[in-house]
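turn this into a structure:
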Amino acid sequence: MEMCKSRFLAAFMRPASPFFTRVFNGERKSRMQALKTVTGAISLVAIAGCSVLESSPIGQAIVALDPSKGRATASQADRIPYASLAFDGSTQRGLLVLGAQTGTQTHWPHQRGFLSLESGGLHAVSTPEGDLLTTRYYLDRSATADSLAAAGELPWQRSQPRFWIERHWVDTDGLSHAHRAEGHMTCKAPRARALLLTELLLQPCDVTYTWDNGRTTRAQWWKDPATQRLWEVDELAWPGGPDIKWQVARPWWDS
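All right, here's what the predicted structure looks like:
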């Protein structure tokens, strides 16, 4: 558990590159508030001890995040009456329970790191292959970061197929990377999609990212055609990075 806390702190506290200074300045306060909330929860769990941890609802989800225990199951999710995700990474998988929410961001801690979502889309993640520190989604390549952030809409919430992102990550050697990509989203007709605890009519959207370093990555989003909320995501965290997948087991929103 101490490893979880220290890795979580390291991922949030690493300095941004100059390329991302303007991005972090606008988010520093909310990110620090999230850090205090989630690390406080992790500290309480650590103080409780391993036996209490494993018998608690959130502990059951944390313990489930173990490759030797397999993927999250419907029975696991059904036993835990809290907002949860079925998470499947390159080397990690299991059920995650919501640790904290700050505005439109949700934070999902576990023994080996954390996952942070922005309005249900990938924002940051800590993995053995490196840490994604932040993601910014832009609707206009020429617009400033401030005006885009103020727009309050993300690519899956709009019908506009073209958008841009910036991502900042740290690799396993501790080297910092910051790159931009042009995204192109193509959505198909909604169809039935089986999730961990239910089956919903969801719209699949294929996304292609063309990065400024010449690399190309792809993602797939499954969204509710009425609310535009993401229920399932599968994408690479960065070019050459880990594949990150999750689907909502129990939603954290009211409607």
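
list the contacts of P251.
Residues near P251 by C-beta atoms under 8 Å, 6 or more residues apart in numbering: A83, R229. Every C-beta, even on glycine, is put in place using the N, C-alpha and C of the backbone.

check it and give its pLDDT.
Looking at P251, its pLDDT stands at 95.

check S55 too.
Note on S55: pLDDT of 43.

can you offset everything so residue one is 333?
I'll keep to 333 as the first residue from here, and by that count the last item is S387.

pLDDT weak spots in the protein?
Under the criterion pLDDT under 70, the flagged ranges of the chain are 333-402, 474-484, 587.

what's across from V539 in the sheet?
Judged by DSSP bridges, the bridge partners of V539 are M517, A551.

distance-wise, check T438 relative to A569.
Counting by C-beta to C-beta, to the nearest Å, the gap from T438 to A569 is 17 Å.

neighbours of L562, how many?
Per other C-beta atoms under 10 Å, the neighbour tally for L562 reads 23.

what's the closest non-adjacent residue to it?
G452 (3.8 Å; C-beta to C-beta, 6 or more residues apart in numbering).

OK, contacts around the one you found?
Residues in contact with G452, defined by C-beta under 8 Å, 6+ apart, are T438, W488, R561, L562, V565, V580.

what helix or strand is the first one on?
Think T438. In this assignment (DSSP states H and E), T438 forms part of strand 437-442.

what number of residues lie near E498?
For E498, the number of neighbouring residues by other C-beta under 10 Å comes to 18.

hey, what's W578 bridged with?
On the basis of DSSP bridges, W578 is bridged to F419, V565.

which residues touch it?
Counting by C-beta under 8 Å, 6+ apart, W578 touches L417, A418, F419, D420, L428, L447, E564, V565.

JSON lines please, covering the residues you listed and showing distance to E514 and neighbour count.
Shown next, in JSON lines, are the contacts of W578 (distance: C-beta to C-beta, whole Å; neighbours: other C-beta atoms under 10 Å):
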{"residue": "L417", "distance to E514": "28", "neighbour count": "29"}
{"residue": "A418", "distance to E514": "30", "neighbour count": "24"}
{"residue": "F419", "distance to E514": "28", "neighbour count": "24"}
{"residue": "D420", "distance to E514": "27", "neighbour count": "16"}
{"residue": "L428", "distance to E514": "30", "neighbour count": "26"}
{"residue": "L447", "distance to E514": "25", "neighbour count": "24"}
{"residue": "E564", "distance to E514": "23", "neighbour count": "21"}
{"residue": "V565", "distance to E514": "19", "neighbour count": "22"}
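
ok, so of the residues you listed, who is nearest S407?
Nearest to S407 out of the contacts of W578 is A418 (C-beta to C-beta; 12.1 Å).

pretty sure the closest one is in contact with A409, am I right?
Yes - A418 sits in contact with A409 when judged by C-beta atoms under 8 Å, with a separation of 6.9 Å.

list residues touching both of those two?
Overlap of the contact sets of A418 and A409 (by C-beta under 8 Å, 6+ apart) consists of L427, L528, A581.

would you confirm that W496 contacts H511?
No - the pair W496 and H511 fails to qualify as a contact (C-beta under 8 Å) at a distance of 11.2 Å.

give the buried residues for the host helix or strand of H500.
Element membership for H500, per DSSP H and E: strand 494-502. The neighbour-count check on strand 494-502 (16 or more other C-beta atoms under 10 Å) flags F495, W496, I497, E498, R499, H500, W501, V502 as buried.

could you do stretch 542-561 as well?
Using 16+ other C-beta under 10 Å as the test for burial, stretch 542-561 gives W543, T549, A551, W553, W554, K555, D556, Q560, R561.

circling back to that earlier point, take the contacts of W578 and write them to TSV, including distance to T467.
Below are the contacts of W578 laid out as TSV (distance: C-beta to C-beta, whole Å):
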residue	distance to T467
L417	17
A418	21
F419	17
D420	19
L428	18
L447	12
E564	18
V565	12
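
check the residues you listed against R523 and report the nearest one.
The closest of the contacts of W578 to R523 turns out to be E564 (C-beta to C-beta; 12.6 Å).
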